[in-house]
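[1] model this:
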Amino acid sequence: MTIAEFISSQDERWERHLMLTRHDFYHLPEYVSLTAKHEKGTPVAFYAEIGQSAFLVPLLIRKIPASLGAPDDWYDATTPYGYPAPLLIPPDNPYCLEKFLESFREVGAKSGIITAFFRLHPLLSLPLETLAKYGTLVQHGETVYIDLSLSIEEIEAQRRKDCKKDIRKLMREGFQAKINDWNFYEEFVAIYRKTMQRLSASEFYMFSESYFSDLRASLGDRLNFCTILSPSGEVASGILFTAINGIVQTYLSGTSDKYFRHAPSKLEIDAITRWAKENGNSVLHLGGGLGARSDSLFYFKSGFSNLRANFHTYRTILDEEKYTKLMHICESNYGSPGNDCDFFPAYRHPYFYKSD
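    Reported below is the predicted structural model:
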């Protein structure tokens with residue numbers, strides 16, 4: 001192993017690695033630094049090299065919850081919100097991935113990291129069998145994507161009948177889409193926050209106004225904005241989406257209470273699809289349901305395409321002894337959370353902090 005270490009967001013090797021492999025906006029050091037502010041972590045990447053092969057995974061290093069009384073040099077690691085999966089060069093080499101995972105476990109444990117949680121990217125491949133050798137690979141559900149190499153007619157043919165009908169109705173009634181008219185940005189932010197309140201979303205999704213301004217400053221022209229205006233010119237809905245390396249991702253969206261029953265967001269996806277194709281992109285990823293579940297959000301997205309990808313997470317314990325100690329503290333103080341085995345790391349289960 002030539003190199004295996006944690007690097008900062010200013011390290012030139014981070015940008016160099018991105019230049020050599022296909023990646024998404026979730027991998028950008030600017031995005032990782034932004035999420036670190038919101039998720040309260042230290043933005044880093046684990047970077048390793050073997051000859052011409054290389055590995056990089058963006059991470060947030062977090063202190064163990066204070067209520068557990070762990071030493072100050074105990075940490076865990078997680079990828080930021082979204083799909084910032086490890087990037088391997090070459091992307092399908094299981095032998096190199098094995099070596100990189102071994103080095104990650106070794107260097108991570110020496111750095112005081114007890115567990116690591118990776119969200120994988122549904123559209124960027126990795127040797128999944130190799131990942132499973134060094135931790136637990138969990139398939140959560142499907143995501144929806146649109147193949148932009150198809151003609152508009154072929155794309156529309158994949159849409160569900162009710163979806164096509166509702167888009168035609170919105171256009172007939174006078175709703176119209178605007179792409180990258182940032183004059184509506186502040187109004188969109190207010191609509192987004194009201195939408196999260198209406199949906200009783202968790203506190204995590206109640207992004208502050210400063211988050212939205214920082215997001216735009218961090219991503220620059222890689223961040224795009226679609227607004228749907230009502231027939232009277234009011235903002236009915238809005239959505240942020242990104243475009244990088246031919247991958248277009250929908251990100252945050254909101255719909256005005258006044259126009260919720262019209263489902264203007266359907267016209268958003270139609271407009272973004274056309275914009276993405278016209279600008280030479282290869283795929284539009286709509287994502288999946290909440291927590292990758294097959295829910296009403298997934299049903300909405302599935303109305304636009306019959307193409308699916310699988311969403312996985314990867315979990316690994318780097319220091320079994322420390323992990324066992326933390327779980328003992330949790331269960332001694334609060335009892336057992338029951339049969340909810342999917343939460344990782346288990347010592348961060350909300351059950352243990354319900355009275356905080």
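[2] what mean pLDDT does the lengthiest helix in the chain get?
    The longest helix of the chain (DSSP state H) is helix 94-110. When the per-residue pLDDT values of helix 94-110 are averaged, the result is 94.
[3] in the following helix or strand past it, what's buried?
    Downstream of helix 94-110, the first helix or strand assigned by DSSP states H and E is strand 113-119. By neighbour count with 16 or more other C-beta atoms under 10 Å, strand 113-119 contains the buried residues 113-119. Placement of C-beta: from N, CA and C, glycine included.
[4] now the angle from the longest helix of the chain to strand 113-119?
    Taking axes from the mean of the first three to the mean of the last three C-alpha atoms, to 10 degrees, helix 94-110 and strand 113-119 form an angle of 140 degrees between their directions.
[5] name the residues of helix 94-110 that are buried.
    Judged by neighbour count using 16+ other C-beta under 10 Å, the buried positions of helix 94-110 are 96-97, 99-101, 103-105, 107-108.
[6] next: stretch 44-61.
    For stretch 44-61, burial by neighbour count (16+ other C-beta under 10 Å) applies to 44-50, 53-61.
[7] same thing with stretch 129-136?
    130-131, 134-135.
[8] including distance to residue 171, pLDDT and secondary structure, could those go into TSV?
    What follows is the buried residues of stretch 129-136, written out as TSV (distance: C-beta to C-beta, whole Å; pLDDT from 0 to 100; DSSP: H, G, I helix; E, B strand; the rest coil):
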residue	distance to residue 171	pLDDT	secondary structure
130	48	92	helix
131	45	92	helix
134	51	91	coil
135	48	93	coil
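[9] nearest to residue 14, of those residues?
    Set against residue 14, the nearest of the buried residues of stretch 129-136 by C-beta to C-beta is residue 131 (21.6 Å).
[10] now the closest one: how far from residue 203?
    From residue 131 over to residue 203 the distance is 31 Å, taken as C-beta to C-beta, to the nearest Å.
[11] now do the contacts for residue 117.
    By C-beta atoms under 8 Å, 6 or more residues apart in numbering, the contact list for residue 117 reads 76-79, 313-315, 344-345.
[12] nearest to residue 331, of those?
    Once C-beta to C-beta is applied, the member of those that ends up nearest residue 331 is residue 345, at 13.6 Å.
[13] how about the closest one, nearest residue that isn't a chain neighbour?
    On the basis of C-beta to C-beta, 6 or more residues apart in numbering, the spatially nearest residue to residue 345 that is not a chain neighbour turns out to be residue 115, at 4.2 Å.
[14] from residue 270, how far off is that neighbour?
    Between residue 115 and residue 270 the distance is 42 Å, computed by C-beta to C-beta.
[15] the residue nearest to residue 307 when sequence neighbours are not counted in helix, strand or coil?
    Spatial nearest neighbour of residue 307, chain neighbours left out: residue 145 (5.2 Å); criterion: C-beta to C-beta, 6+ apart. Judged by DSSP: H, G, I helix; E, B strand; the rest coil, the three-state class of residue 145 is strand.
[16] quick check: pLDDT value at residue 145.
    Residue-level confidence at residue 145 comes out at 97, pLDDT.
[17] got a list of what it touches?
    Residues in contact with residue 145 (C-beta under 8 Å, 6+ apart) are 122-123, 283-286, 305, 307-309.
[18] of all those residues, which comes closest to residue 188?
    When the contacts of residue 145 are ranked by distance to residue 188 (C-beta to C-beta), residue 286 comes first, at 18.8 Å.
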